[in-house]
Structures are given as structure tokens and as C-alpha cells.
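Asker: Need a 3D model of the sequence below.
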Amino acid sequence: MQGSNEQHALLSGKSVGEEASKWHPKALCGCHFFQIIMREQIKLTFPAQLEETVRLFGDRPAMTLVGGVPITYYELDGKVRSLMAFLLKLGFKPGEKAAILSSNMPNWGIAYYAITSMGGVAVPLLPDFHLDEIANIINHSETKLIFVSEGLLPKLNGIDTAGLQVKIRIEDFSAIGAEADFPLFNPLETVSGELNVEEDDLAALIYTSGTTGKSKGVMLTHKNITFTAMKSGVIQPINEKDRFLSILPLSHTYENTIGLILPMIGGACIYYLGRVPTPSVLLPALKQVRPTLMLTVPLIIEKIYRGKVLASIREKWVTRMLYMIPYTRKKMNVIAGKKLMETFGGELKFFGIGGARLNRSVEKFLIQAKFPYAIGYGLTESAPLLAGVNPKNVKLQSTGPAMEGVELMIHNPNSKTGDGEIWAKGPNIMKGYYKEPQLTSEVITEDGWLKTGDLGRFDKSGNLFIRGRLKTMIVGSGGENIYPEDIESVINNFRYVIESLVIEKKGKLIALVHFDQEEIQNRCHHLKDEVSSFMESKLAELLQELQEYVNARVNKFSRVQVVQFHPEPFQKTATQKIKRFLYN
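Answerer: Residues are numbered from 1 along each chain as shown. A predicted model of the protein is given here:
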């Protein structure tokens, strides 16, 4: 940092020895924990780490679809090498790009490891990307080859991808629309010799689907990703007896690094749903797999809390009244927590929540319910984790301290509140944005600090608290900093509210609110009014009541002047954050 006027707070992760003694008791046997820690002596590349995993856990189950028989790490390694041999026959070279457009399945990870282990660059595509986004990414990244699942193949039909030469069906690695003499995938073939891959080689080019607009290609190296995965294992150690249930898109860095690379380093088994995680699909899978670890986003657990926990409490006036009393509320939350644990299979020890801010009331419930949740903070640009904590050390509304090996700084903190932009430095910071040197220089300083664009502060113990995005902060008429996320958190606790968005327009704070209209109708089904006219009057009544509810719970300059009904769900990113730029 340059200049005397740049006040800052600086915190970094502890040493390996300090962190090990603090985090790992009883989490796994000591020998396995130190095997993982000692792997920092292994080259931080995918092929080197996979080789070590096979050496340690070769005959252990690696991954499968729910209901299937897991392949072992020996078998997984063989499949990776067979696919590498096929890619070599196709003329795929180190440094070239290969995209993956697929739902979650074992072959997703096999394709990812094959591409990167031979020096190629994986370009994961989110399944819900629009056709134009897919075409733009393929063209911008100069992707020559793509792995695509059967259900997503129609997305490639009719889009302009002139440079795309080969399409491979990911279910069986067969070429799509190829000539008769086109090379075939042979599961018995393997690569001869080792391909040279270095830690600083580009491993993945991940295009963000951000909350503020244009997608950018984030360049992540082998070291960026494997370092983050290993340090995540310091926060929450895992072992070969652990079972991950993967429900978030593997094409997102959050699930990719912590839900794929980390369990593979630790020798755990990963289970994939193979379908969209609707309740009818997820609930039976939870009973069958009985996962010990899962990753999710706030929206999922918030829906469970409001749709199951609160809904059951509100059914009877007696339970509603009892829940208003702090002592009985805690007791009821403990009971609800036990039921929630049973729903998730009964053996959960780590329920990771990231990607967006968790509602304060929901987090209070999780704490009182003794549910093993944990919060993390990061960005695609940091592969992704920057700060995190395990379930034994959570603190309300905090993401925990800096991850080991990472430095976090609050740049130019406010003298009164301590709030400022979070800057980060460490081995997990991206190389930059692909073909965007100017944009890269705007977010990474000359001395290597990443400007996250998030506002936050530290407490005295070094725990990080996120206030919101710098770009979404609203400056009031008196110069006050107004954080829309804080107001939205209050709004979302109001009955019937599913989600909300607070924006500023012509000096006024406007709250856009999406209600659960079906629940409103169900609650009032006994009324004989015409449904349409009833809903119109009921919504108007709720909007007025909501405005009074919110303004009684926020500071003076954060009060909303207008509350508007938003009939449709807001458009969201892969981690279920609202794409705010569409509504500002």
C-alpha cells in the first residue's frame, strides 16, 4: 500500500502447527490429517495431487450417482488416463481450452481432471447459462472441444461457435456428429509417460455469472485451486470415511474446489444426484447417502426454515405464542434441530453455507438448533475461499477469520464503523481476467492485493463481517452509508416474503418484494371472496403492513419510502444471489 493516508486493518491465517492444534481434534485420526497437511510438499497441481490420492486411498470409493456403486480411486485414475489418451488422439494440446457443459456426474470430474492433467484449460459452463452466453464464452475463450451431457446438448444446436471443432457426449465420451473414421474413446487405453504440468499453469477459465453485469473469464492456476482446497481441509478436516452429497453446479468454483477437489484430496466419496435437487429427489437421497458433509447456499436453508420450521410453528396459536417467548423458543429450536438432522440423514457434521449472505434470523435458529452449519466467504477470483470457519467455531453473522495462508485487509476503514473494502492476498488469487488486462489492473494492485468489491470489518478476534457490495451501497442524503442487504434481511423475515430487493430511485428507497402467493391463498382459503380481487386487496394490505414492519426495525435513514409487489422470482446467479444490475 502506498501513501500515509491509507489506514488499514491486516489479518492473516495462522501457521500450520497452530491451526492444526486448534481445528482438528477428533475430526479424523491424526495420521490421516497429517498426511493431508504433508501433501503441501507435493506439487500443487491436479495430476500430482491425484497421484498422491491414489497412493493413499486407491481402493477407497471415490464417486458415484446416488443409488449406484462408487468407482474406486484406482478406477477413477484409470478413467482419467484413458480419457487423456483419447484427447491426445484428437490432437488436444497443452494450453488449449476444453469446455464442460454438463449436469453433475462422476464423468464431469473425470473430464475436468483429464483436461487439466495434460496441461489443458477447463472451461466450466453453468447449465443455466443462456444460449447467447454459451456462444459468447466458447468464442471468447477460443474453446475447440466441449464435453456436453445429453440433456444440455440442445443448447449447442444453432448457436454460432465457429471455432468449436469437437463435441463429446460426457456420459460415454463418444464424439457427436463425427465422421466414420473419427477416433474412438477406448477405456482400455492409457497415456504413456507423464505430461509436464506446473503449479502456475492455467487450469481453469471460469466465467462468472455475476450480480453486477457482464461475465468475465477468471483465470485460475493449478496452485490457486489446489492450495484453496488443501487449506479448506485445515478449516474442516475430512477423511476417507466421509461422504459428500453434491447438489450445487460443479461449474461454480464453490462446489468445484470445495465439493470436488477437497474431498478427492482427503479420499472421501462424492455422491451426485444426477437430477435437479427438488425435495422429491433430495429427501430420499439424504436418507440413502446419510452425508457427513454438504455445501449449499443460503436460499436453500432459508426455504427449509420458513417452509418447514416456521410453517409448523404457525399452524397452531399455542405454538405461535410459545415461540414468542425466548426460553421456550430455544427449546423448540433444539427439537426442530434434531428433526432437521434426521431429515439430512443423521450423520451430518459439516453443512457449508456460502455464495451469499445468510439471513440473521435463520442463522440464530441454526445456532440454537445446534445444527452443524458453517459459513465461508470468497470469490471466483480467489478460487474461491478467503475466510471460513467450522461448525464448532461459528459466530453470528461472521464468515470467520482469514483462511490459513491468506491475508485480508480492510482498505481505508471508516473511522467510526471500521467498515471498508476487503482486500485479499495469497496463493489463491487469480492470474487475472482473460483478455482483459485493463480490467485486471483495476482489481489487482501492483503488489498483488485483490480488491474484492465487498465491504466488511473485523472484530477484535479477527472474525470477518460482510456488510454488502461496494457497488450496491447507497449513500443517503446526509452522507450515511445504507446497506440494502441489511434492509432486505429484515424484509425477508416478514411472513409470506420469499425474497426482496432494495434499490434507490430518485432519492427514495424502494423495496421490491416477492411474496409466496400460493401460501397466502392457502392460508385464506376459507374466505369466499373472488380469488383475484381478494389477492389484490390482501397484497395491498401486506405491502402497507410490511413497510411499517421494516421501518420500525431499521435506522432512520434506512427506512423505505415505497414497497412494491414483484410478481415473479428475481433472476439469480448460480449461488442464488439476485442479479441486482437487472433491477437497478
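Asker: Surely residue 442 forms part of a strand?
Answerer: No: under DSSP: H, G, I helix; E, B strand; the rest coil, residue 442 sits outside any strand and is assigned helix.
Asker: List the contacts of it.
Answerer: residue 451 (C-beta atoms under 8 Å, 6 or more residues apart in numbering). For the C-beta atoms, the positions are set from N, CA and C on the backbone; glycine is no exception.
Asker: Going by neighbour count, which residues of stretch 383-394 are buried?
Answerer: 383, 384, 385, 386, 387, 388, 389, 390, 391, 394 (16 or more other C-beta atoms under 10 Å).
Asker: From the chain's centroid, how far away is that stretch?
Answerer: Here stretch 383-394 is found 12 Å from its chain centre; the criterion is C-alpha atoms, centre = their mean, to the nearest Å.
Asker: show me where the stretch 301-450 of the chain has helices.
Answerer: Counting by DSSP state H, counting those that start in this stretch, one finds helices in the stretch 301-450 of the chain at the ranges 311-314, 317-323, 326-343, 360-368, 437-443.
Asker: now for the shortest one, which elements pack on it?
Answerer: Spelled out, that is helix 311-314. In terms of contacts (3 or more C-beta pairs under 8 Å, 6 or more residues apart in numbering; DSSP states H and E), helix 311-314 is packed against helix 317-323.
Asker: any idea how far residue 260 is from the nearest residue to residue 76 once chain neighbours are set aside?
Answerer: In this structure, residue 76 finds its nearest non-sequential neighbour in residue 62, 4.5 Å apart by C-beta to C-beta, 6 or more residues apart in numbering. Using C-beta to C-beta, to the nearest Å, we find residue 62 at a distance of 11 Å from residue 260.
Asker: Pipe the buried residues of stretch 383-394 into a markdown table and attach distance to residue 58 and pLDDT per row.
Answerer: Output for the buried residues of stretch 383-394, formatted as a markdown table (distance: C-beta to C-beta, whole Å; pLDDT from 0 to 100):
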| residue | distance to residue 58 | pLDDT |
| --- | --- | --- |
| 383 | 27 | 97 |
| 384 | 29 | 96 |
| 385 | 28 | 97 |
| 386 | 33 | 98 |
| 387 | 34 | 97 |
| 388 | 29 | 96 |
| 389 | 32 | 94 |
| 390 | 28 | 95 |
| 391 | 30 | 97 |
| 394 | 35 | 96 |
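Asker: Can you pull the domain assignment for this structure?
Answerer: Here the domain assignment for the chain is 24-272, 297-469, 474-582, based on automatic domain parsing.
Asker: Using a markdown table, lay out the ones you listed together with distance to residue 290.
Answerer: As requested, the domains of the chain are exported to a markdown table (distance: least, C-beta to C-beta, whole Å):
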| stretch | distance to residue 290 |
| --- | --- |
| domain 24-272 | 7 |
| domain 297-469 | 4 |
| domain 474-582 | 25 |
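Asker: before we move on, back to that, mutual contacts of residue 62 and residue 260, please.
Answerer: Counting by C-beta under 8 Å, 6+ apart, the common neighbours of residue 62 and residue 260 are residue 270.
Asker: Please identify which of these two sits among more neighbours.
Answerer: Between residue 62 and residue 260, residue 62 has the larger neighbour count (other C-beta atoms under 10 Å), namely 27 against 22.
Asker: The more buried one and residue 70 touch, don't they?
Answerer: Yes: using C-beta atoms under 8 Å, residue 62 is in contact with residue 70, at 6.1 Å.
Asker: Between these two, which contacts overlap?
Answerer: Applying C-beta under 8 Å, 6+ apart, one finds that residue 62 and residue 70 are jointly contacted by residue 269.
Asker: For the residue nearest to residue 172 when sequence neighbours are not counted, give me its contacts.
Answerer: Once flanking residues are discounted, residue 172 sits nearest to residue 185: 7.5 Å by C-beta to C-beta, 6+ apart. Applying C-beta under 8 Å, 6+ apart, we find residue 185 in contact with 82, 83, 86, 168, 172, 173, 174, 175.
Asker: redo that, cut-off 10 Å
Answerer: By C-beta atoms under 10 Å, 6 or more residues apart in numbering, the residues touching residue 185 are 82-83, 85-87, 89-90, 168-169, 172-175.
Asker: Tell me the one among the residues you listed nearest to residue 432.
Answerer: When those are compared for distance to residue 432 (C-beta to C-beta), residue 87 comes out closest, at 26.3 Å.
Asker: I'd like the distance between the closest one and residue 110.
Answerer: 12 Å.
Asker: Please identify which helix or strand holds the residue nearest to residue 187 when sequence neighbours are not counted.
Answerer: Distances taken as C-beta to C-beta, 6+ apart place residue 82 nearest to residue 187, at 5.0 Å, with adjacent residues excluded. Per DSSP states H and E, residue 82 falls inside helix 73-89.
Asker: which parts of that helix are buried?
Answerer: So for helix 73-89, counting by 16+ other C-beta under 10 Å, buried means 73, 75-88.
Asker: can you give me the mean pLDDT across the following helix or strand past it?
Answerer: From helix 73-89 onward toward the C-terminus, using DSSP H and E, the following helix or strand is strand 97-101. The average pLDDT within strand 97-101 is 98.
Asker: how many neighbours does the nearest residue to residue 158 once chain neighbours are set aside have?
Answerer: With sequence-adjacent residues excluded and distances taken as C-beta to C-beta, 6+ apart, residue 158 is closest to residue 131, at 7.9 Å. Other residues near residue 131 come to 14 when the count uses other C-beta under 10 Å.
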